[in-house]
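> structure of the sequence below:
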Amino acid sequence: MSPAHLCLVLHAHLPFVRHPEHERFLEESWFFEAVIESYLPLVNVLDGWNRDRIRARMTFTITPTLCSMLRDPLLQIRCGRHLDRLIELAEREIHRNTFLKDFQAVAMFYHERLTVLRGIWTRCEGDLLRRFKEARERGQIEIITSAATHALLPLLSAHPPAVRGQLLTARDHYRECFGIDPEGIWLPECAWSERLEPLLLEAGLKWFITDTQGVVKARPEPQFGHFAPVATPGGLLAFGRDPETARQVWSREEGYPGDFRYRDFYRDIGFDLDLEYLEPYLGAPGVRGFTGMKYHRITGAGGVKEPYHRGLAMEAAREHAYHFLVARLGRTRELRDVLPQAPLFLCPYDAELFGHWWYEGPEFIDSLARQAQGYADEIVLSSPADFISGRGRAQVGMPADSSWGEDGYWKVWLNEKNHWIHPSTREAGVRMSGLVRKHGQAVGVPARVLKQAARELLLAQSSDWPFILRMGTSPDYARRRVIEHLEHFDRLWQMLETGNVDEAWLGQLESRDNLFPSIRPAYWETSHAGRD
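Model (predicted):
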């Protein structure tokens, strides 16, 4: 039997947050933190694999909104500046902790690490997407797409043109970024409904990521469980999440990131030190927030936190990587006499977990890949695409409606805190189709208005806003974003309907919400006339 497939799928996604009207804007720090704490360290891991000839492969989703931000010159400049400010802060922290040797050692580690990451950033001239593309060309990663603005597609599927606009815009943008069409897609929030099948096929997609119950509750019941994909009647392959690997990483009780040796995420000098000292390094003037300078490890129960010790944390990462690997090897051996082919373990996670939330996460992945080299005859780190190209057998059936949210369904994104969003975005989607019917052949300024209306609709549809409202992390910002994009859409709609266009305002909006420059409103046609 061929080796089992261990498929790490890292979903790199952020909502489109870009505010050129402010010199520093708090929510832009989401982007800076993800780049500096997750994406750059993961690129560093891939560089190490290339240098040491480690044979391992992962899958990355880089969502269209994140691709747009990574390519944006303004955000590139601001991210580089933020990185420079953190290096300066680390230098100041080394001096401030002169008589606190444990803390000074941590500050020195931060300074060294940030300097290495700054070197990576400088060598690619701030174009991190180029580095991911190079890793794809080396065969280290498979890059897949997602919906254009990460909309929860089943909630849009009552009006198919809204889903078509999300999917075909995402496909076109992937083509612009990587020179080829995507074959796989991370369905936003792993949310699947069988109504999506013809629309995914229309976009030329061949496989998608869904949650465990989407596969194991397929009709008919699959014989191989989640250890092999399910092929829909139309030929799409659905890969379902392995629940044990999810539990080992995500579980609050038994997940690896909760080990007492790892760095504590929440204890940050941004909340401990004098505001005047911190002000140049904060995401927004006068607003306390995370700086990334954290001196404590999780430690355990009780209020007193012990100093972070990098050596102990690296020891934990190696131990956990080995435990993770051995568990997969054990499961593979158990399944040899049950399955007709080697199992596939799909391990999908948010990319930002590795580095941002779980600081040692990139080192966990690195150690996993290196230790797996000794078991290459039994298990390999690969991609779902490798399973397909290796002609692994799929099961036939229709996956069950599901998501990876609470209770496996969609209530995180449709509940008492955010239910008001969906009727409004659905109505806007219907009105967008009406605009295309009436003005789809427009040229010049009216064509610009129509394209911007499509952008504003897409941005209002993002699943991030109802998620944030449900979780209560930045609810005022999320609410404002939905309302503003819908108001912008309505004003653009009125411009087209009346013929009275405010070109100055349109230009400002195009400059701020500037993603998807080649967007095609024809995708919102109610017929399939806009189909490629």
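> look up how far Trp30 lies from Ser462.
Ser462 sits 13 Å away from Trp30, going by Cβ to Cβ, to the nearest Å. For every residue, glycine as well, the C-beta is placed using N, CA and C.
> where do the contact lists of those two overlap?
Counting by Cβ atoms under 8 Å, 6 or more residues apart in numbering, the common neighbours of Ser462 and Trp30 are Pro15.
> assign the closest residue to Leu66 other than its chain neighbours to helix, strand or coil.
The shortest distance from Leu66 to any non-neighbouring residue, by Cβ to Cβ, 6 or more residues apart in numbering, is to Leu14 (5.1 Å). Recorded secondary structure, Leu14: coil (DSSP: H, G, I helix; E, B strand; the rest coil).
> remind me which residues of the stretch 1-150 of the chain are low pLDDT?
Nowhere does the stretch 1-150 of the chain drop to pLDDT under 70.
> ok, which stretches of it are helices?
Using DSSP state H, counting those that start in this stretch, the helices of the stretch 1-150 of the chain run over 29-34, 40-52, 64-71, 73-96, 101-123, 128-137.
> pull the first one out as PDB, backbone CA atoms only.
C-alpha atoms of helix 29-34 as PDB (Å, rounded to 0.1, in the frame of the first residue of the first chain):
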ATOM      1  CA  SER A  29      -3.000  46.100  12.500                       C
ATOM      2  CA  TRP A  30      -4.900  42.800  11.800                       C
ATOM      3  CA  PHE A  31      -2.900  42.700   8.500                       C
ATOM      4  CA  PHE A  32       0.400  43.700  10.000                       C
ATOM      5  CA  GLU A  33       0.100  41.100  12.800                       C
ATOM      6  CA  ALA A  34      -0.800  38.300  10.400                       C
END
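> contacting residues around it?
Here helix 29-34 makes contact (Cβ under 8 Å, 6+ apart) with 12, 14-15, 17, 69, 75, 78-79, 82-83, 283-284, 289-290, 292, 351-352, 356.
> just the buried ones from those?
When neighbours are counted using 16 or more other Cβ atoms under 10 Å, those contain these buried positions: 12, 14-15, 17, 69, 75, 78-79, 82-83, 283-284, 290, 292, 351-352, 356.
> where along the stretch 401-532 of the chain do the helices fall?
In the stretch 401-532 of the chain, the helices defined using DSSP H, counting those that start in this stretch lie at 421-439, 444-460, 464-471, 475-498, 503-512.
> how far off centre is the shortest one?
Offset of helix 464-471 from its chain centre (Cα atoms, centre = their mean, to the nearest Å): 15 Å.
> packing partners for that helix?
If contacts are counted by 3 or more Cβ pairs under 8 Å, 6 or more residues apart in numbering; DSSP states H and E, helix 464-471 sits against helix 421-439, helix 475-498.
> so how far is the longest one from its chain's centroid?
Distance of helix 475-498 from the chain centroid (Cα atoms, centre = their mean) equals 25 Å.
> okay, and the beta partners of Leu6?
Judged by DSSP bridges, the bridge partners of Leu6 are Phe345, Leu381.
> now do the contacts for it.
Neighbouring residues of Leu6 by Cβ under 8 Å, 6+ apart: Arg328, Phe345, Cys347, Ala372, Ile379, Val380, Leu381, Ser382.
> that one and Arg267, how far apart?
33 Å.
> again, but for Arg391
Separation of Arg391 from Arg267 (Cβ to Cβ) stands at 50 Å.
> so between the two, which is more surrounded?
Shown here are Arg391 and Arg267; by other Cβ atoms under 10 Å, Arg267 has more neighbours (17 against 8).
> find the residue closest to that one in space, skipping its chain neighbours.
Nearest one to Arg267, counting by Cβ to Cβ, 6+ apart, is His296 at 4.7 Å.
> for that neighbour, give me its contacts.
Counting by Cβ under 8 Å, 6+ apart, His296 touches Arg263, Asp264, Arg267, Lys305, Glu306, Pro307, Tyr308.
> the same query, at a cut-off of 10 Å, please.
Residues in contact with His296, defined by Cβ atoms under 10 Å, 6 or more residues apart in numbering, are 102-103, 106, 263-268, 304-308.
> can you list those residues in a markdown table and add distance to Asp337?
Listed next are the contacts of His296 as a markdown table, based on distance: Cβ to Cβ, whole Å:
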| residue | distance to Asp337 |
| --- | --- |
| Asp102 | 52 |
| Phe103 | 54 |
| Val106 | 50 |
| Arg263 | 43 |
| Asp264 | 44 |
| Phe265 | 43 |
| Tyr266 | 46 |
| Arg267 | 49 |
| Asp268 | 51 |
| Val304 | 51 |
| Lys305 | 48 |
| Glu306 | 47 |
| Pro307 | 50 |
| Tyr308 | 46 |
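> take those and lay them out in TSV including distance to Asp242 and secondary structure.
Output for these, formatted as TSV (distance: Cβ to Cβ, whole Å; DSSP: H, G, I helix; E, B strand; the rest coil):
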residue	distance to Asp242	secondary structure
Asp102	39	helix
Phe103	40	helix
Val106	35	helix
Arg263	27	strand
Asp264	28	coil
Phe265	25	coil
Tyr266	29	coil
Arg267	32	coil
Asp268	33	coil
Val304	37	coil
Lys305	33	coil
Glu306	34	coil
Pro307	36	strand
Tyr308	31	coil
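> out of those, which is nearest to Lys451?
Lys451 lies nearest to Phe265 out of the contacts of His296, by Cβ to Cβ, at 40.3 Å.
> contacts only, for the closest one.
Applying Cβ under 10 Å, 6+ apart, the residues near Phe265 are Pro257, Phe290, Lys294, His296, Ile298, His356, Trp357, Trp358, Tyr359.
> do the same with Ala228
Ala228 touches 5, 215, 222, 237, 239-240, 339-344, 387, 392-395, counting by Cβ under 10 Å, 6+ apart.
> mind listing what the residue of the chain most remote from its centre touches?
Using Cα atoms, centre = their mean, the residue of the chain lying farthest from its centre is Phe99. It sits 40.8 Å away. Phe99 makes contact with no residue, according to Cβ under 10 Å, 6+ apart.
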